[in-house]
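Q: next one to model:
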Amino acid sequence: MTSNSSWLTLSFAALTATLLPIAHAQAADADETNAVEANAVETSSVAVSIDLGYESKYISEGRNNLEDGGISWGMLSAQDGKLTTYALVGRADQQHYIEWQLGFEYAIELGADIEASVGYQRVEVYGDERESDNELFASATYTGSKWIEPSVEYTYSTENAGYFVEVSLQHHWQATEQLTISPYAIQGFDFQYATEHYNGPNHFQFGAELEYAISDSIAINGHISRTIAQEDIKREYADDSDIKLNETFAGFSINMTW
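A: As a prediction, the model looks like this:
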């Protein structure tokens, strides 16, 4: 009786010593396979977004690009990791004006509190005058402060052989779980981008942006803004008293992401 019990104990121990390493190895292989599959899914995930919006005036570089009315915009973009490609089209509602922008943007890691990117876009304009341009752009935003978010944006035009710089400050106020209100101020500088043979202050702009998250994938955005002309714009339109130097405008859009 004692000898049989000892034999059974030894046999069970031997069997356990044989099977346990095999079980552990199979479990490790399964974990590794799952990790590889998870990483593959994460690496290959692409976020697709559609934006549809309207602006009461088409304001850029502190100037109204349209004689009358506003402009509707539609954008399709796809983000894969750090790379975002996009196609944007705008159409005026009271005059013949269509603008296409096709480009890409690549995110750069400059530090834990700095978000930066560089990109390129092709601009095609169909209106009373046919225009084309290639633009190189870059931006950097400091996100280390909870109260203020400074940023700088740079755009270079190959057509005009000049560049435009905007320095901005913005504060994000979480009014509710779904609503974010973000007042902002922008100072623009023109270096032969909008006006030939001029380098210096262009315009000052301030306003507030709103974002209302309907769900994790759908958000409504809006803004109201005011631009104040500075030396560049005043010199450009010094002989045209019909041009409004200061502009107030607003817009809204809906964003859907998958």
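Q: report the distance from stretch 143-154 to the chain centre.
A: Its chain's C-alpha centre lies 14 Å from the corresponding centre of stretch 143-154 when counted by C-alpha atoms, centre = their mean, to the nearest Å.
Q: buried ones in that stretch, by neighbour count?
A: In terms of neighbour count (16 or more other C-beta atoms under 10 Å), stretch 143-154 has its buried residues at Glu149, Ser151, Glu153, Tyr154. Just so you know, the C-beta spots here come from the backbone N, C-alpha and C atoms, and that holds for glycine as well.
Q: kindly report the same for stretch 72-80.
A: Trp73, Met75, Ser77, Gln79.
Q: okay, and the beta partners of the third one?
A: Ser77 forms beta bridges with Ser49, Tyr86, as assigned by DSSP bridges.
Q: so it touches Val48, yeah?
A: Yes - because the distance of 7.3 Å satisfies C-beta atoms under 8 Å, Ser77 is recorded as touching Val48.
Q: returning to what we had before: can you add distance to Tyr120, pLDDT and secondary structure and give the buried residues of stretch 143-154 back as JSON lines?
A: Written out in JSON lines, the entries for these read as follows (distance: C-beta to C-beta, whole Å; pLDDT from 0 to 100; DSSP: H, G, I helix; E, B strand; the rest coil):
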{"residue": "Glu149", "distance to Tyr120": "25", "pLDDT": "98", "secondary structure": "strand"}
{"residue": "Ser151", "distance to Tyr120": "20", "pLDDT": "98", "secondary structure": "strand"}
{"residue": "Glu153", "distance to Tyr120": "14", "pLDDT": "98", "secondary structure": "strand"}
{"residue": "Tyr154", "distance to Tyr120": "13", "pLDDT": "98", "secondary structure": "strand"}
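Q: relative to Ile233, which of those residues is nearest.
A: Distances from these to Ile233 were compared by C-beta to C-beta; the smallest belongs to Glu153, at 18.4 Å.
Q: where does this protein have low pLDDT?
A: Within the chain, the ranges that satisfy pLDDT under 70 run 1-44.
Q: now do the helices in it.
A: Counting by DSSP state H, one finds helices in the chain at the ranges 2-44, 231-236.
Q: how about the CA coordinates for stretch 84-96, as CSV?
A: In CSV, the C-alpha atoms belonging to stretch 84-96 read as follows (Å, rounded to 0.1, in the frame of the first residue of the first chain):
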residue,chain,number,x,y,z
THR,A,84,-2.7,62.9,-42.3
THR,A,85,-3.8,63.3,-46.0
TYR,A,86,-6.7,65.5,-46.9
ALA,A,87,-8.8,67.0,-49.8
LEU,A,88,-10.7,70.3,-49.1
VAL,A,89,-13.1,72.1,-51.5
GLY,A,90,-14.8,75.4,-51.0
ARG,A,91,-17.6,77.0,-53.0
ALA,A,92,-18.9,80.6,-52.7
ASP,A,93,-22.6,81.1,-52.5
GLN,A,94,-23.0,84.4,-54.2
GLN,A,95,-20.3,84.5,-56.8
HIS,A,96,-18.3,82.2,-59.0
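Q: so who does Asp240 touch?
A: With contacts defined as C-beta atoms under 8 Å, 6 or more residues apart in numbering, Asp240 has no neighbours.
Q: for it, what are phi and psi?
A: Asp240 has phi and psi values of phi -120, psi 100 when expressed as degrees, to the nearest 10.
Q: can you check the one 5 residues further on too?
A: Main-chain torsions, Leu245, degrees, to the nearest 10: phi -80, psi -40.
Q: again, but for Ser215
A: For Ser215, the backbone dihedrals are phi -150, psi -170 (criterion: degrees, to the nearest 10).
Q: quick one: it from Thr248, how far?
A: Between Ser215 and Thr248 the distance, using C-beta to C-beta, to the nearest Å, works out to 32 Å.
Q: what of His96?
A: Separation of His96 from Thr248 (C-beta to C-beta): 25 Å.
Q: looking at these two, which has the bigger crowd around it?
A: Neighbours were counted for His96 and for Thr248 using other C-beta atoms under 10 Å; Thr248 has more, 13 against 9.
Q: nice, that's everything, thank you.
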